[in-house]
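Enquirer: here is my input, please return the structure:
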Amino acid sequence: IWDKHNVDVRIDLPDGNIYQVNVFDGSGKVLKDSSEVVHPDSLEKELDRAKRIWINDSYWLVMPFKLKDSGVTLKYLGVEQSQQGVPSHVLELTFKNVGVTPQNRYLVSVDTSSNLVNQWAFYREADQDSANFVLPWGNYQQHGKLLLSSNRGERNLNNVQVLDSLPAEIFTSLEPVDLNEYN
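Expert: Numbering: from 1, shown residues only. Below is the predicted model of the structure:
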């Protein structure tokens, strides 16, 4: 759960662990193995883990909105066919002193007709010759005012919701949350 305006994130993992972190200042709370983490060093480590999870997951969800972030270097590589045979502008993304994996590289394909991202290729190391994976971006759907893709091939995103508001205790309580109550 991401409150973009207040930069608060809540991550409820299937194992019952709950992370609440403010991604701007790193403050937050963690419930791990049914107990709140209170030791400062352990809490700092767990909050750092939560921030890394959020950075990765938010990139999977909203990468097209992050193309012009500070530290992102874009290079236009021309028009090529996507794996689906669609003519696409190809952008190379590399990173300079930003993020938790600055050594990564992406090739992002943008449909020449719709101007929507339709594929991305991920390279764990920028100098690799072949991609670690190439996945589609498809099944765009309107979520509130956002047009988001959920199709990532074998790594689909599902149950994406955009809500106008949530109670503040979502980001203060370490009790489990069912977002279906707020639709």
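
Enquirer: helix, strand or coil for the residue most central in space within the chain?
Expert: Nearest to the mean C-alpha position of the chain, by C-alpha atoms, centre = their mean, lies residue 58 at 1.7 Å. Classification of residue 58 by DSSP: H, G, I helix; E, B strand; the rest coil places it in helix.

Enquirer: contacting residues for it?
Expert: residue 2 (C-beta atoms under 8 Å, 6 or more residues apart in numbering). Where C-beta positions appear, they are placed from N, C-alpha and C, glycine not excepted.

Enquirer: residue 98 versus the residue of the chain positioned farthest from its centre, what's the distance?
Expert: The centre of the chain is farthest from one residue, residue 39, which by C-alpha atoms, centre = their mean lies 28.4 Å away. Using C-beta to C-beta, to the nearest Å, we find residue 39 at a distance of 30 Å from residue 98.

Enquirer: try residue 60
Expert: 17 Å.

Enquirer: got it, and residue 2?
Expert: 19 Å.

Enquirer: compare those two and say which is more crowded by neighbours.
Expert: residue 2 (17 against 12; other C-beta atoms under 10 Å).

Enquirer: surely the more buried one and residue 54 touch.
Expert: Yes: the pair residue 2 / residue 54 is scored as a contact, 7.2 Å apart, by C-beta atoms under 8 Å.

Enquirer: which neighbours do these two share?
Expert: Common neighbours of residue 2 and residue 54 (C-beta under 8 Å, 6+ apart) are residue 9.

Enquirer: quick check: end-to-end length of stretch 78-94?
Expert: The first residue of stretch 78-94 is 16 Å away from its last residue (C-alpha to C-alpha, to the nearest Å).

Enquirer: buried set for that stretch?
Expert: Within stretch 78-94, the residues scored as buried using 16 or more other C-beta atoms under 10 Å are 82, 86, 88, 89, 90, 91, 92, 93, 94.

Enquirer: need the residues you listed in a markdown table with pLDDT, secondary structure and distance to residue 117, can you?
Expert: Listed next are these as a markdown table, based on pLDDT from 0 to 100; DSSP: H, G, I helix; E, B strand; the rest coil; distance: C-beta to C-beta, whole Å:
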| residue | pLDDT | secondary structure | distance to residue 117 |
| --- | --- | --- | --- |
| 82 | 97 | coil | 10 |
| 86 | 97 | coil | 11 |
| 88 | 98 | strand | 9 |
| 89 | 98 | strand | 10 |
| 90 | 98 | strand | 11 |
| 91 | 98 | strand | 9 |
| 92 | 97 | strand | 14 |
| 93 | 95 | strand | 11 |
| 94 | 94 | strand | 17 |
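
Enquirer: just the pLDDT at the residue nearest to the centre of the chain, thanks.
Expert: Here the pLDDT value assigned to residue 58 is 90.

Enquirer: ok so residue 41 is a helix residue?
Expert: Yes: applying three-state DSSP, one finds residue 41 inside a helix.
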